[in-house]
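> would you be able to build a 3D model of this:
(one chain, ligands or ions: 1)
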Amino acid sequence: MNRDKSSVNRRLEGRRALVTGASSGIGRAIALRLAHEGASVAVNYLSNPEAAEAVVKEITEAGVKGIAVQGDVSNEQQVDAMFERAVSEFAGLDILVNNAGMETEHSFLEMPLEAWRKVIDIDLTGAFLCAQRAARVMVESGAGGSIVNITSVHQIIPWGGFAHYCAAKAGLDMMSKTIALELATQKVRVNSVAPGAIATPINQHVWGSPEGLADLKRKIPTERIGQPEEIAKVVAFLCSDEASYVTGATLYVDGGMTLYPEFRHGG
Ligand code: NAD
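This next block holds a predicted model:
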């Protein structure tokens, strides 16, 4: 039985969404899931218009409106232009998913300031810029909305070589909770989804090799890597009215990675 298929309903009929970094991986899966649940979706992309247009094509085939919007989330002017376009095309905005992110590996002793700044600028400041623009539209409309921030298990699991990424994701989760608090009376719900290891281009070098995959399985109690759709369906739930009383929450979607797997067998 395909349980995923049976659970897809039209919970987001008529909603208008913007998903950042949506031309690949988890963002692509989220954009498609929101569309299949009835939302119009603006597909933000950085540098691959063909991939973004392919996602838009699938969105329109689902019977809803889709547009591709180029923009670097760490650039304020580009973020402004992206929101102006999406809000004018859709006549409003109900959902923002801050998914765009990147990582690079540097030992702490060797990490250049430039590398630190780039990850903080995209993974944390980019989410701030987008959340602020989205929240302004949602508050002004009086209808509120839902913002979902894609963090990572590395908001709580330290990860050697990725001090900037861990700091950005931990910061993003705390920003999420703080703005959930600030915006609660204005009907804007804000939540985080913290993925574990999900098979996407960002970590293909790890799950693409037998050794990398074996190492991941040791760290994941369910002994398998997750799929982008398994993140997307949780995001869709948080965007829907089924989560109407959920705000300031962090949902770990990680096959149990945050459960200290090395303690599984006692001893
Ligand atoms: P991905 O590389 O496929 O997706 C990241 C997307 O962000 C890409 O489309 C990229 O073009 C876009 N992006 C990067 N910089 C951008 C910028 N400045 N402006 C706009 N877009 C930009 O990888 P993914 O795994 O799908 O990652 C999606 C999110 O999930 C990221 O925030 C990542 O940190 C998070 N995440 C992924 C995993 C995993 O195991 N794959 C685990 C935890 C968290």
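
> can you show me the strands along the chain?
Under the criterion DSSP state E, strands of the chain are mapped to 16-19, 40-45, 66-70, 95-98, 145-150, 188-195, 250-253.

> what would those strands look like in JSON lines with distance to residue 157 and mean pLDDT?
Glycine gets a C-beta too; all of them are placed from N, C-alpha and C. Listed next are these as JSON lines, based on distance: least, C-beta to C-beta, whole Å; pLDDT from 0 to 100:
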{"stretch": "strand 16-19", "distance to residue 157": "25", "mean pLDDT": "99"}
{"stretch": "strand 40-45", "distance to residue 157": "28", "mean pLDDT": "99"}
{"stretch": "strand 66-70", "distance to residue 157": "33", "mean pLDDT": "98"}
{"stretch": "strand 95-98", "distance to residue 157": "20", "mean pLDDT": "99"}
{"stretch": "strand 145-150", "distance to residue 157": "16", "mean pLDDT": "99"}
{"stretch": "strand 188-195", "distance to residue 157": "10", "mean pLDDT": "99"}
{"stretch": "strand 250-253", "distance to residue 157": "10", "mean pLDDT": "98"}
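
> now distance to the ligand too, for those, in CSV please.
CSV is the format used below for the strands of the chain (distance: least, C-beta to the nearest ligand atom, whole Å):
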stretch, distance to the ligand
strand 16-19, 10
strand 40-45, 6
strand 66-70, 9
strand 95-98, 8
strand 145-150, 5
strand 188-195, 4
strand 250-253, 9
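
> need the pLDDT of the closest residue to the ligand within the stretch 101-250 of the chain.
Nearest residue of the stretch 101-250 of the chain to the ligand: residue 101, at 2.3 Å (C-beta to the nearest ligand atom). Residue 101 carries a pLDDT score of 98 in this model.

> make residue 1 into 55 and carry on from there
In the new count, where the first residue is 55, that last one comes out as residue 155.

> that one and residue 104, how far apart?
21 Å (C-beta to C-beta, to the nearest Å).
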